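# what follows is a predicted protein model with its sequence.
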Amino acid sequence: MDLATSLQYVKGIGPARANMLAAKGLFTVADLLYYAPFRYEDRTNIKAIRELAPGEKAVAMAQVHSAKLSGFRRRALGLFEAIFQDGSGASMLARWFHGERYAESLVPGTRVALFGKVELDRGSGQRLMVQPEIEILSDEQGEEEALHTGRIVAVYEAAGKISTRVFRSLIDRVLKQVALPEDALPESVRERVKLPDLAAAIRYVHSPPSDADLRLLNDFRSPAQVRLIFDEFFWLECGLALKKTNARLAPGISFSVTERAREQIKRMLPFKPTPAQRRVMQEIADDMKRPHPMNRLLQGDVGSGKTIVAAQAAVLAMENAYQVAVLAPTEILATQHYAYFKRLLEKLGYVVVLLTGSASAREKQQIKKLISEGLVHVAVGTHALIQEDVTFHRLGLAIVDEQHRFGVRQRLELMRKGEQPDVLVMTATPIPRTLALTLYGDLDVSVIDELPPGRKPIITKHVPGSSVERVYSFVAQEIKAGRQAYVVYPLVEESETTAAKAAEKMYQHLSEEVFPDIPVGLLHGKLSAEDKETAMQAFKSGESKILVSTTVIEVGVDVPNASVMVVEEAERFGLAQIHQLRGRVGRGAHQSYCILVTGKLNDISRQRIRTLVESIDGFYIAEMDMKLRGPGEFFGTKQSGIPGLRLADLIRDTEVLERARDEAQRLIESKDDNELRAAVRYIQEHWQRRYGFVQVG
């Protein structure tokens, strides 16, 4: 057995358990060794039942004497009780609510270790543990039992039917039989950061000594844990830095910034750019002039003017006789971009087309022919744009909007449509720095950090659902003053079909009962492309005054006259998503409002709502959102692009990430070819599969 051995060949695993482990991303012995515990328990305080004192937390090892599952009465649903004895002459009662799962395993005669706080039962005066954690013990005494009791033990997240106890046994067996990985971290890095040896760290994490600091372990701050956390971040950041370095050295297009290009941009601009827009455009222009591909992330809060900057980059590419592709995640956003680019660029003589899945086969064929023959300057589209049969005559610039809604793969597929085209990735979702370092660490970053002049800050109010009539009165008042309003009715945990039905129900209620004299429109993802376009045009033209919608309006919808955004059941959203919705108003000269209507709030929901009411700073809101929901849920759905970190945590371990990034950068920029070659080899052999790196060197 070695580190590359498949887990199904490890004693005690086999094919069935191997499948359960594979579902956790564990395929090899090395994967199992890096599967770290999520907490630790101090089981050194083992006592006979007779010695247990009320109020203390302890371990008791005993046999089940009797057990019963109470009837499913309303007040005692699945109440499981067992009496335990250990030969000391005393007995103890244990009680589990909703404990029906123990009925088959805790039968008389079963040996068990119980961990919990000791109380006295008010009825019988017996010693009692309520909801104790248990482990069923084997009949054999000795070394196996010493692994699970009498020490600080590691607690692992279960995988299918593989319990924490089984994990403990398997990992202990592997640690005794396999040679631990060589320490690939350069010695200079280890010394600077003062990190322990890798093999020692792995052993410590799985089997800490009894005198280990339990507080440090459970805070993931022991030197051994910090070493493994650092490793994850360091090799990830090395891979990203290598990708960035390779991209910068690859041959690309050197665009010329001609006088004609400058004149075309001046003619196109509908307003004077802000200083932030000018600064970012200069960064992009400098990139495009270099003979290497641009790979840049353009971040900016909602309404900051990212698209006009992208349009300027498009003019530079087109004035150098290259085509531009604009990839958007939804048809609505693609249509918005198409209309915007067409309005700006057609007056300059550029041809702009739209390619989406809902176009007819004949339309698609015609558009693809025009693109391949070079008769199109800008092709805007959804996933339809990256289909295999779409070929560009001379693609020079790929613009990807809201990258997090795609995977990295889609970005690469679009890039392959040209020969090393420049890439500009845009997002209106402010990304916390720690997440940006791991999601977009291979990109250079530009930030538009100011709004166009004249924009008034949006006023955000929280209203409980019981007072929704006040909200409707305010909406009617704004419409009477000539404004328009959105009402978003989400069911974010359900399917789009359920959300559409909820929106339809709200539409019927508002149009027939609440606002019978006001034109109300309806927009949701289940409508045909034609019906969506009709609904949007009716709202844009002012024909409909209220638009009832699901979150399809989250990005890209631009109606300057809309001054009210009502978000129903706002507690069901993450902060970033509501901030995006809020950005649909405040786009004109009038004061705008976002009203968050909620049901009953728990502590986290209340904190979320308070954050939105108090701040309109997208980056602050994004940081809070990631803290409250975790990075995996930051964008509203599990983000497949987030690297598979095991022990490291983007929120908890920010300082370690920053240090690991600095050290990775130092290594990549160092003149020590041997260290660099060793690092590249190690990433390719051990980390490429885990993080999905494209070839790094």
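Received, thanks. What you see is a predicted model, and the numbers here were worked out from it, not measured in a lab. Numbering: from 1, shown residues only.
# for Ala678, helix, strand, or coil?
helix (DSSP: H, G, I helix; E, B strand; the rest coil).
# list the residues that contact it.
With contact taken as CB atoms under 8 Å, 6 or more residues apart in numbering, Ala678 is in contact with 184, 186. C-betas here are computed from N, CA, C, even on glycine.
# from Ala184, how far off is it?
Per CB to CB, to the nearest Å, Ala678 is found 7 Å from Ala184.
# ok, Val471 next?
59 Å.
# compare neighbour counts for the two and give me the winner.
Legend: neighbour count by other CB atoms under 10 Å for Val471 and Ala184, higher for Val471 (21 against 17).
# now the element after the helix or strand that contains the more buried one, going C-ward?
Secondary structure from DSSP states H and E places Val471 in helix 468-480. Per DSSP H and E, helix 468-480 leads on to strand 484-488 as the next helix or strand towards the C-terminus.
# in its sheet, what does that next one sit against?
Paired neighbours of strand 484-488 in the sheet (DSSP bridges): strand 546-549 (parallel), strand 562-567 (parallel).
# for these, which one sits closest to His462?
Nearest of those to His462, taken as CB to CB: strand 562-567 at 10.2 Å.
# between the closest one and helix 468-480, how many degrees?
Using axes from the mean of the first three to the mean of the last three CA atoms, to 10 degrees, the inter-axis angle of strand 562-567 relative to helix 468-480 is 160 degrees.
# quick one: mean pLDDT for strand 562-567?
Regarding strand 562-567, the rounded mean pLDDT is 94.
# tell me how far the spatially closest residue to Gly150 that is not a sequence neighbour lies from Pro132.
Using CB to CB, 6 or more residues apart in numbering and skipping the chain neighbours, the partner closest in space to Gly150 is Ile46 (5.6 Å). Separation of Ile46 from Pro132 (CB to CB) stands at 14 Å.
# same question for Leu370.
For Leu370, the distance to Pro132 equals 71 Å [CB to CB].
# more neighbours, the two?
Using other CB under 10 Å as the criterion, Leu370 and Pro132 rank with Pro132 on top: 21 against 16.
# report pLDDT for that one.
90.
# pretty sure it sits against Ala113.
No. If you go by CB atoms under 8 Å, Pro132 and Ala113 don't touch, sitting 9.5 Å apart.
# what number of residues lie near the residue nearest to Ser563 when sequence neighbours are not counted?
Among residues not flanking Ser563 along the chain, Arg483 sits closest, at 4.0 Å (CB to CB, 6+ apart). Neighbour count for Arg483, taken as other CB under 10 Å: 21.
# please enumerate the helices of the stretch 551-697 of the chain.
Counting by DSSP state H, counting those that start in this stretch, the segments of the stretch 551-697 of the chain that form helices are 575-582, 603-614, 618-629, 654-669, 673-682, 688-691.
# which of those sits most buried?
Most buried of those by mean neighbour count (mean count of other CB atoms under 10 Å) is helix 575-582; its value is a mean of 25.
# which residues does Glu119 bridge with?
Going by DSSP bridges, Glu119 forms beta bridges with Leu128.
# ditto for Arg296
With DSSP bridges as the rule, Arg296 is bridged to Leu424, Asp444.
# just checking, it touches Val445?
Yes. Using CB under 8 Å, Arg296 is in contact with Val445, at 7.3 Å.
# who has more neighbours, the two?
Counted by other CB under 10 Å, Arg296 and Val445 do not tie: Arg296 has more neighbours, with 21 against 16.
# how close does that one get to Arg262?
According to CB to CB, Arg296 and Arg262 sit 20 Å apart.
# likewise for Leu522?
45 Å.
# secondary structure class for Lys526?
What three-state DSSP gives for Lys526 is coil.
# next one: phi and psi at it?
The phi and psi values for Lys526, taken as degrees, to the nearest 10, are phi -90, psi -10.
# model confidence score at it, please.
For Lys526, the pLDDT comes out at 79.
# can you report how many residues neighbour it?
By other CB under 10 Å, 16 other residues sit near Lys526.
# swap in Ser66?
12.
# quick one on the thing from earlier: point out the most buried one among the strands paired with strand 484-488.
Mean neighbour count (mean count of other CB under 10 Å) peaks for strand 546-549 among those, with a mean of 28.
# okay, that strand in PDB with CA atoms only?
The C-alpha trace of strand 546-549 is given here as PDB (Å, rounded to 0.1, in the frame of the first residue of the first chain):
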ATOM      1  CA  ILE A 546     -45.500  47.400 -11.800                       C
ATOM      2  CA  LEU A 547     -43.400  44.400 -12.800                       C
ATOM      3  CA  VAL A 548     -44.000  41.200 -10.700                       C
ATOM      4  CA  SER A 549     -40.900  39.000 -11.200                       C
END
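# what about the strands in the stretch 201-350 of the chain?
295-300, 323-327 (DSSP state E, counting those that start in this stretch).
# to clarify, my last question referred to the stretch 1-150 of the chain.
Here the stretch 1-150 of the chain has its strands, by DSSP E, counting those that start in this stretch, at 39-42, 57-69, 80-85, 91-96, 111-120, 127-130, 133-136.
# tell me which of these lies nearest to Glu402.
Distance to Glu402, taken as CB to CB, is lowest for strand 39-42 among those, at 36.6 Å.
# so where's the stretch 451-600 of the chain uncertain?
When residues are selected by pLDDT under 70, those of the stretch 451-600 of the chain lie in 454, 490-500, 553-557.
# returning to that earlier point: higher neighbour count, Leu522 and Arg262?
Legend: neighbour count by other CB under 10 Å for Leu522 and Arg262, higher for Leu522 (23 against 15).
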